[in-house]
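Chemist: whatever this is, show me its structure:
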Amino acid sequence: MELLIRKVNILLILAVYISKDTIFAQIIEDTGSLELVAILHRHGDRAPLHFYKNDPYKDEKKYWPNGLGQLTNEGKRKLYNLGKVFREEYKTFIPKYSAQAVRVNSSDMDRAHMSAAALLAGMFPPEGNQIWNDQLIWQPIPIHSVPNTQDKILAPLAPCPRFWAEHKKVLSLLSKLETPKDKKMYKYLTKYTGQNITSVCEALSIYDTLLVEERNGFILPQWTKNVYPYRLLEKASICPSTFTWNNIMKRIFGGPMVKEIVHQFQEKSEGRIKDMKLFLYSAHDTTIISLFRALNFKNYLLPDYGASIIFELHKKNNKYYVKMFYAHSAEIVPYEVEIPKCIVPCPLHKLSHITQYVRSVNWDTQCFEQKDD
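Modeler: Numbering: from 1, shown residues only. As a prediction, this is how the structure comes out:
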């Protein structure tokens with residue numbers, strides 16, 4: 001275990017950056033075989049979620065007038081352009097928006113809702129009789145969500161005592177595996193941030209705040225140069241994976257999203273949602289990471305703003321197959337990935353089989369029972 005922690009495999013995405021006027025590389029090899037698309041994306045760029053005690057930019061009214069955690073103009077722009085990219089990719093498959101063909105779900109966070117709205121504005125501009133205002137080439141599209149305290153899929157914040165007990169154990173385990181070098185960095189961070197830093201998740205909090213401030217053009221304090229970005233990133237990248245560290249946590253935190261996608265693909269293959277073509281999910285980095293880990297990907301990663309996982313259901317010779325693509329940010333070309341324990345493309349029945357364990361979770365039972373899994 002210690003070797004695993006020390007040799008952190010931060011996922012390096014060797015991809016081609018594209019301009020706002022350039023579309024993704026073609027990812028649909030055979031449009032005629034495409035049956036259904038499911039896209040899970042992270043929200044766009046946002047303001048910091050919190051400040052550290054000695055943060056020179058913690059004056060919220062001065063530096064972050066829209067509020068903590070809110071989508072920035074850059075985030076709106078990126079997600080709008082991402083919508084245009086998806087439109088270019090799928091315009092043959094989904095010529096225009098219709099309620100019968102498109103379903104949009106979002107976590108109940110402002111930044112996720114706004115990101116979905118921006119993306120939809122780029123992906124589905126009104127056409128023909130959809131145009132209701134000649135001065136505004138935009139149409140309202142419904143975005144569905146449930147309150148955070150009831151969400152078990154996109155931002156799993158529904159009450160779950162067993163999950164948080166498991167998470168506490170994981171953080172305790174990791175703290176015992178910290179090296180003298182790690183502890184030295186935590187001591188350094190504690191000194192300069194003005195608050196006690198003792199864990200990978202507290203390190204992530206500092207890394208995230210510095211990243212957001214840097215991207216918004218603020219000059220970071222001199223002390224950050226000794227730890228930011230690489231040294232801090234090495235520890236910070238571990239934190240999101242602590243939510244799916246063991247099998248029971250994968251079932252609780254990642255299983256519901258896997259279950260949702262596999263279920264919709266099965267429904268389509270069995271003819272129960274004949275008109276449906278796209279499920280769009282607007283969520284968070286932890287949602288993407290948890291889905292990856294629930295599918296048994298082993299890498300640590302920190303998805304950038306607008307990162308997307310794309311699942312395509314294809315039908316060939318009366319059999320159904322699933323393709324999976326990943327883009328690390330809103331401005332990176334997606335590439336096809338091989339689902340662990342499957343082939344490319346992955347037969348739907350095989351995907352159903354290899355995900356059976358994480359999909360079979362009963363949230364209430366798992367969350368409130370105490371037996372080992």
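Chemist: all contacts plus neighbour counts: C-alpha atoms, from now on.
Modeler: Fine.
Chemist: return the residues in contact with residue 55.
Modeler: residue 193 (C-alpha atoms under 8 Å, 6 or more residues apart in numbering).
Chemist: how far away is it from residue 187?
Modeler: Distance from residue 55 to residue 187, counting by C-alpha to C-alpha, to the nearest Å: 17 Å.
Chemist: next: residue 125.
Modeler: Distance of residue 125 to residue 187, computed by C-alpha to C-alpha: 52 Å.
Chemist: which of the two has more neighbours?
Modeler: Between residue 125 and residue 187, counting by other C-alpha atoms under 10 Å, residue 125 is the more crowded of the two (19 against 15).
Chemist: correct me, but the more buried one touches residue 138?
Modeler: Yes. Contact criterion C-alpha atoms under 8 Å: residue 125 and residue 138 qualify, at 5.3 Å.
Chemist: shouldn't residue 330 be in contact with residue 308?
Modeler: Yes. The pair residue 330 / residue 308 is scored as a contact, 7.4 Å apart, by C-alpha under 8 Å.
Chemist: state which helix of this structure is the longest.
Modeler: helix 73-90 (DSSP state H).
Chemist: so which bits of it are buried?
Modeler: Buried residues in helix 73-90, defined by neighbour count with 16 or more other C-alpha atoms under 10 Å: 75-90.
Chemist: dump the C-alpha coordinates for that helix into PDB.
Modeler: Extracted as PDB, the C-alpha positions of helix 73-90 are listed here (Å, rounded to 0.1, in the frame of the first residue of the first chain):
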ATOM      1  CA  ASN A  73     -17.300  34.100 -17.500                       C
ATOM      2  CA  GLU A  74     -14.500  31.900 -18.700                       C
ATOM      3  CA  GLY A  75     -16.400  28.900 -17.500                       C
ATOM      4  CA  LYS A  76     -19.500  30.000 -19.400                       C
ATOM      5  CA  ARG A  77     -17.400  30.600 -22.600                       C
ATOM      6  CA  LYS A  78     -15.700  27.200 -22.400                       C
ATOM      7  CA  LEU A  79     -18.900  25.300 -21.900                       C
ATOM      8  CA  TYR A  80     -20.700  27.200 -24.600                       C
ATOM      9  CA  ASN A  81     -17.900  26.300 -27.000                       C
ATOM     10  CA  LEU A  82     -18.000  22.700 -25.800                       C
ATOM     11  CA  GLY A  83     -21.700  22.600 -26.700                       C
ATOM     12  CA  LYS A  84     -20.800  23.800 -30.200                       C
ATOM     13  CA  VAL A  85     -18.200  21.000 -30.400                       C
ATOM     14  CA  PHE A  86     -20.800  18.400 -29.500                       C
ATOM     15  CA  ARG A  87     -23.200  19.900 -32.000                       C
ATOM     16  CA  GLU A  88     -20.700  19.500 -34.800                       C
ATOM     17  CA  GLU A  89     -20.000  15.900 -33.700                       C
ATOM     18  CA  TYR A  90     -23.600  14.800 -33.400                       C
END
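Chemist: that older thread, shared neighbours of residue 330 and residue 308, which are they?
Modeler: If you check residue 330 and residue 308 against C-alpha under 8 Å, 6+ apart, no residue is contacted by both.
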